[in-house]
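**Student:** Please find the sequence and the predicted model below.
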Amino acid sequence: MQDCKVFDRPPSSIPAFVRALFGKRKGGAIPHLRAELALQRVDLGALARYRRQCGFVDGPHLPLTYPQVLAGALHLHLLTHPKFPLSSLGLVHMRNVIEQTRAIDSTASLHLAAHLDGERQVPGGTEIDLVTEASVHGEVVWRSVITALARTGKRPRGDKRPRGEKKPPGEKQAGGDQQPRPAPAELSLTAPFRSLLIRVPEDQGRQYAAVAGDFNPIHLYATTAKLFGFPRAIVHGMWSLGRCLGELESDLAPGSCRVEVAFKRPVLLPSTVVLRASRPAHAAGAVEFALTSRDGATVHLVGTAHTS
Amino acid sequence: MQVGGGPGAPCHPFPPTAIGPTCPGVFRMSQPASARDRAPKVIEVIAIAPPPAAQRLQRQADFAAPGTKPSRYTLPVSLESASPVGYRTRVPMDAQEAAQAVALLSMQRPSAFVPGAPLTEQELFEECALGILTSRQSTNFRGHRQVSFGPEDSTRIGHLLRSLQHRDGEVLDHAACTHVVLSRPYRTPFTLLLTFVGHKPVMSTATVAIRAWQKRFRHSDDIPTIGYLQHLHVGILADAMERAAVLASGGRRRAQVLQQPFCGRGRRDNKPIAHALEEMCGLTLQDRALGWKVALVAQVGEVSAGERVASDPATCRKIGANFMAFRSERIMPGVNHEEKAPEAYQHRQDMDVPDELTTMAGRAAYNAFAHWIGTGREEAKRLLLLERIDVLTKGGKERLREVRDMLGAITDRVVAEMPLWVDLPTGKAFSKNAERGRKAFALVGQRIYIGGLAKREIEREGIDWDHAVRAVGAAASRGALVAELMGVVDLPPDCDLLGGCCLMAGPVNQNDIGKQFYGVADLLQKAYPNREPTSLLVWTLKAKTVADPIGNEEQLLNPARKGALVDLRAGPHEVVQVKTGRGLQGLRKRDGRVNGERAFGDIGNFVTSPQGREIAGNRGSAWPRAWANAPVW
């Protein structure tokens, strides 16, 4: 039976943070949790700050990633729900698929709904999907699937491959995949039409947290990030994606769009990263993009945007 | 083409074989120029024949292998820059496209503007990219700024301009925008070094201080040719702005550039109007103290079909991309003799600059000089002094050796007489810097020209000296562009280029040190013994197929930079301000963003490794289309 909570305004993050920090997790299967939010109007001031953070241009429509930011409080509510068996603090944002059937007017009333779906055992832990939908006048116009990994350090049964050994090509992912996983785009770095150096300052995590409301300690300070095993603070994956899409906004046709992205390695703060984008010959209208270290040796993010 | 002031910097474009009759001593008073004489001569396309396939060479620069030291022959790992240039390669053009390009080198002033479509932000950016952002190559000095005004302010400025004395062109109605360019005296580490040159041993402790004070607060120059650099650069920019307006608009717009009222005598007689313009540009007291002044005003507007320069938009983009490439690479004359240089640089190529090409380059130069001075071509030929040192002709090598020896001897004296009280405490930094100048002043190449003016003759003609110096800069840049454009005509895929031009002020400055302090004769003295010549620029033409190393050696070798290169060329927001209803705004600086777009990047002429790997950040990103396509005013 689905546990559904409906909010008429974004739930406060503070109780959720308390639960995240001090709540006890009993383990077990992922429950059917759902949360909804009826948003009468988007805070245009906050939207402007978000645009500025990610480099989106002012315009009449919401940036593609913004409904996910609006649903952030719902996500936090679900992931810190007492019935949720995993620790939200250890969750790693692995992949994201965002689909939009049409551009969303920034003054529109939005109905946001998020639920947990899918649970897969994969090398290194458990993957779950967090599905979010945004509706305008009852029509679903935007959908996102966040795939997050709860690291357990355990390998799934039957995966006895020594650590570091590569999987043979074509071998399927171990674990109980219920749905096809979004395949990260293979980016051809030899023929980009965009290549841009982006400086990510030390306080980028704090700046983004202030507009997105995600105050996960791993994004804030090196000292708080070290508590979770990171050498320095890391930037939000959604900032990285937003920054890429903000930069490529002019290269993507407005309206219907599908973005698939795989987060490979975290961006440590401060950093200088390179955004590259190319147009694959095999898919008309698609833009492949990657965020890498300056020398290209470390890939932080790869993605594909399809517009029609 | 390169231009600059000190070691490793100066160069400008120009060339000609039509070197005026070197008939020393005879000076004829000018005759009124006929209409035919005033019309610019058409520049013809002269292709440079590539060598046989076996002799063709390319740069083939690659990234430094892991663990190896980057050098000037390796590609930088990344580029962080707001400049529209980036690392670019030349784009091959056919003869038809080249003919459209050279048509830009013999334009006359527009007679009128007509009301037209408003200027988009993208057009303004590309115009600035071809103009103020790339009119000179030297990266270590930012001596120009621009403030651009919309149609309403242009009307106001038009009223002011009509009150100017010594105008060198008509003030036109219906300007879509007006650019006011500010410039300041040329100051670089080289000019700092000059502060310590030419002093007597004991007296230097006092005379250095006096000269430093005068330089800082009165903008005096240690040697006159440093002062001329400011005007040479303004002249180059003025010429570039005329072409920029055409290319950025696909041929619809033209520029009317007024510069005579803002230099020399013109400036003195037009002070109140110049001050009014400077006030509109938001010039502060601090700016004035640094010597910033209005240097020229360019009105830009749409012209009637009859006055448009016939260019198809696709060719305009190709030419624009090439102009970016010309400012991206260094073209040094001669074979690179460094032992550490890769194989491609070690071979001498049997290629010649065609005589016809030098004629066309000279024709373009005289066109420009006549255009800016407002005189006939014959008069221009008489006033512009050019000496050709051609190693392919008899006596050329000997003359070149003589010039080299003279410049070398001056360097020897500069080093020997450097005041020890400043040189020793700085670890001999000054004398080492002077030593390094030898390489920058080295004169090599097939066809070397020294250009200058005879000051007394110029004054006798009633021409303002500073204005004439600007015209020399414009002439040089136009002539050099001919060589650079011909260097890409029918460019085979296995060649970087077929020819180029290097324009330098360094040898002239070095000679000027000798003139001012050691009694050395002017570089042009031998060719023009009775005309009291003042040499202003040296340029060399070279036919070759391999481009020279890109990148700044110091930065590449600096371990702290880890092979990355920070582009010292200005971004638009750093040197261009746009006057809108919200006041003065930096061009392409908005909502926390600055420009990352490379102008004419749609042509795709970006440097890659032989395997096709890109320099990270080189291609840049597009300025948001919603902003770029919107009218500026």
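**Tutor:** Ah, there it is. All values reported here derive from a predicted model rather than from experimental measurement.
**Student:** isn't there a helix covering A:Ala134?
**Tutor:** No - secondary structure assignment (DSSP: H, G, I helix; E, B strand; the rest coil) places A:Ala134 in strand, not in a helix.
**Student:** Name whatever forms a beta bridge with it.
**Tutor:** Note on A:Ala134: beta-bridge partners by DSSP bridges are A:Leu112, A:Trp142.
**Student:** That one touches A:Leu110, doesn't it?
**Tutor:** Yes - taking contacts as C-beta atoms under 8 Å, A:Ala134 lies within contact range of A:Leu110: 5.3 Å. Every residue, glycine included, has its C-beta placed from N, CA and C.
**Student:** Looking at these two, which one has more neighbours?
**Tutor:** A:Ala134 (26 against 23; other C-beta atoms under 10 Å in any protein chain shown).
**Student:** how many neighbours does residue 244 have?
**Tutor:** Defaulting to chain A. Per other C-beta under 10 Å, the neighbour tally for A:Cys244 reads 31.
**Student:** oops, I was thinking of chain B
**Tutor:** Applying other C-beta under 10 Å, we find 29 residues neighbouring B:Ala244.
**Student:** The chain: strands as residue ranges?
**Tutor:** You didn't pick a chain, so chain A it is. A:3-7, A:33-39, A:91-100, A:110-122, A:125-136, A:139-151, A:194-200, A:257-263, A:271-278, A:286-293, A:299-307 (DSSP state E).
**Student:** That was the other one, I meant chain B.
**Tutor:** Applying DSSP E to chain B gives strands spanning B:79-80, B:144-149, B:177-183, B:253-258, B:293-302, B:385-390, B:447-454, B:499-504, B:533-543, B:565-566, B:576-580, B:583-586, B:589-590, B:593-594.
**Student:** coming back round to it: least reliable of the strands of chain A by average pLDDT, please.
**Tutor:** Here the lowest mean pLDDT among the strands of chain A goes to strand A:3-7, at a mean of 80.
**Student:** Buried residues of stretch A:292-307, list them for me.
**Tutor:** Neighbour counts over stretch A:292-307 (16 or more other C-beta atoms under 10 Å in any protein chain shown) mark A:292-294, A:296, A:298-307 as buried.
**Student:** And those residues, which is closest to chain B?
**Tutor:** Distance ranking of the buried residues of stretch A:292-307 against chain B, using C-beta to the nearest C-beta, places A:Arg294 first at 4.9 Å.
**Student:** For the stretch 201-308 of chain A, list the residues in contact with chain B, please.
**Tutor:** A:247-251, A:272, A:274-276, A:292, A:294-296 (C-beta under 8 Å from any C-beta of the partner chain).
**Student:** and those residues as CSV, adding distance to B:Ser71?
**Tutor:** CSV is the format used below for these (distance: C-beta to C-beta, whole Å):
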residue, distance to B:Ser71
A:Glu247, 32
A:Leu248, 35
A:Glu249, 39
A:Ser250, 37
A:Asp251, 35
A:Thr272, 23
A:Val274, 23
A:Leu275, 28
A:Arg276, 26
A:Thr292, 25
A:Arg294, 19
A:Asp295, 17
A:Gly296, 21
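**Student:** residue contacts, the residue lying closest to B:Asp239 once chain neighbours are set aside?
**Tutor:** Using C-beta to C-beta, 6 or more residues apart in numbering or on different chains and skipping residues adjacent in sequence, the residue nearest B:Asp239 is B:Ala474, 3.9 Å away. Under the criterion of C-beta atoms under 8 Å, 6 or more residues apart in numbering or on different chains, the neighbours of B:Ala474 are B:Gly235, B:Ile236, B:Ala238, B:Asp239, B:Ala368, B:Phe369, B:His371, B:Trp372.
**Student:** Give me the number of neighbouring residues for residue 148.
**Tutor:** Using chain A. Close neighbours of A:Ala148, defined as other C-beta under 10 Å, add up to 23.
**Student:** meant chain B, my bad for not saying
**Tutor:** B:Ser148 sits with 28 neighbouring residues when counted by other C-beta under 10 Å.
**Student:** pretty sure it is touching B:His179, no?
**Tutor:** Yes - counting by C-beta under 8 Å, B:His179 is a contact partner of B:Ser148 at 5.0 Å.
**Student:** Could you list the low-confidence segments of the stretch 351-500 of chain B?
**Tutor:** Across the stretch 351-500 of chain B, the ranges flagged by pLDDT under 70 are B:439-442, B:444-446.
**Student:** Residue in it with the shortest distance to chain A?
**Tutor:** Nearest residue of the stretch 351-500 of chain B to chain A: B:Pro493, at 17.1 Å (C-beta to the nearest C-beta).
**Student:** Now that residue. Nearest residue, chain neighbours left out?
**Tutor:** With C-beta to C-beta, 6+ apart as the criterion, B:Pro493 has its nearest non-adjacent residue at 7.8 Å, and that residue is B:Pro92.
**Student:** Can you read off the pLDDT for the one you found?
**Tutor:** Predicted confidence (pLDDT) for B:Pro92: 96.
**Student:** likewise B:Ala35?
**Tutor:** B:Ala35 is given a pLDDT of 65.
**Student:** cool, and A:Arg181?
**Tutor:** Listed pLDDT for A:Arg181 reads 39.
**Student:** show me the residues around the nearest residue to A:Arg19 once chain neighbours are set aside that make contact.
**Tutor:** Closest residue to A:Arg19 apart from its sequence neighbours, by C-beta to C-beta, 6+ apart: A:Thr80 at 4.1 Å. Residues near A:Thr80 by C-beta under 8 Å, 6+ apart: A:Ala16, A:Phe17, A:Arg19, A:Ala20, A:Gly23, A:Ser88.
**Student:** run the last query once more with 7 Å
**Tutor:** By C-beta atoms under 7 Å, 6 or more residues apart in numbering or on different chains, the residues touching A:Thr80 are A:Ala16, A:Arg19, A:Ala20, A:Gly23, A:Ser88.
**Student:** Could you take the residues you listed and lay them out as a markdown table, with extra columns for neighbour count, distance to B:Asp62 and pLDDT?
**Tutor:** Shown next, in a markdown table, are the contacts of A:Thr80 (neighbours: other C-beta atoms under 10 Å in any protein chain shown; distance: C-beta to C-beta, whole Å; pLDDT from 0 to 100):
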| residue | neighbour count | distance to B:Asp62 | pLDDT |
| --- | --- | --- | --- |
| A:Ala16 | 20 | 52 | 76 |
| A:Arg19 | 18 | 55 | 75 |
| A:Ala20 | 19 | 50 | 73 |
| A:Gly23 | 15 | 55 | 69 |
| A:Ser88 | 22 | 47 | 77 |
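**Student:** Looking at those residues, spot the one nearest chain B.
**Tutor:** The nearest member of the contacts of A:Thr80 to chain B, counting by C-beta to the nearest C-beta, is A:Ala16 at 30.0 Å.
**Student:** For that closest one, give me its contacts.
**Tutor:** A:Ala16 makes contacts with A:Leu76, A:His77, A:Thr80, as judged by C-beta under 7 Å, 6+ apart.
**Student:** try it again with 10 Å
**Tutor:** With contacts defined as C-beta atoms under 10 Å, 6 or more residues apart in numbering or on different chains, A:Ala16 is in contact with A:Gly23, A:Ala73, A:His75, A:Leu76, A:His77, A:Leu78, A:Leu79, A:Thr80, A:His81, A:Ser88.
**Student:** Can you say which of those are buried?
**Tutor:** A:Ala73, A:His75, A:Leu76, A:His77, A:Leu78, A:Leu79, A:Thr80, A:His81, A:Ser88.
**Student:** what's the closest of these to B:Thr608?
**Tutor:** Closest approach to B:Thr608 among these (C-beta to C-beta): A:His75, at 42.0 Å.
**Student:** Show the pLDDT at the closest one.
**Tutor:** Predicted confidence (pLDDT) at A:His75: the value is 90.
**Student:** same question, A:Phe193
**Tutor:** The model's pLDDT for A:Phe193 equals 89.
**Student:** OK, contacts around it?
**Tutor:** Residues near A:Phe193 by C-beta under 10 Å, 6+ apart: A:248, A:251, A:276-279, A:287, B:601-602, B:604, B:606, B:619, B:621-622.
**Student:** could I get these as CSV with neighbour count and distance to B:Leu498?
**Tutor:** Formatted as CSV, the contacts of A:Phe193 follow (neighbours: other C-beta atoms under 10 Å in any protein chain shown; distance: C-beta to C-beta, whole Å):
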residue, neighbour count, distance to B:Leu498
A:Leu248, 22, 37
A:Asp251, 18, 35
A:Arg276, 26, 32
A:Ala277, 24, 34
A:Ser278, 20, 31
A:Arg279, 16, 32
A:Val287, 24, 37
B:Gly601, 23, 24
B:Asp602, 12, 24
B:Gly604, 14, 21
B:Phe606, 23, 20
B:Arg619, 24, 26
B:Ser621, 26, 32
B:Ala622, 22, 32
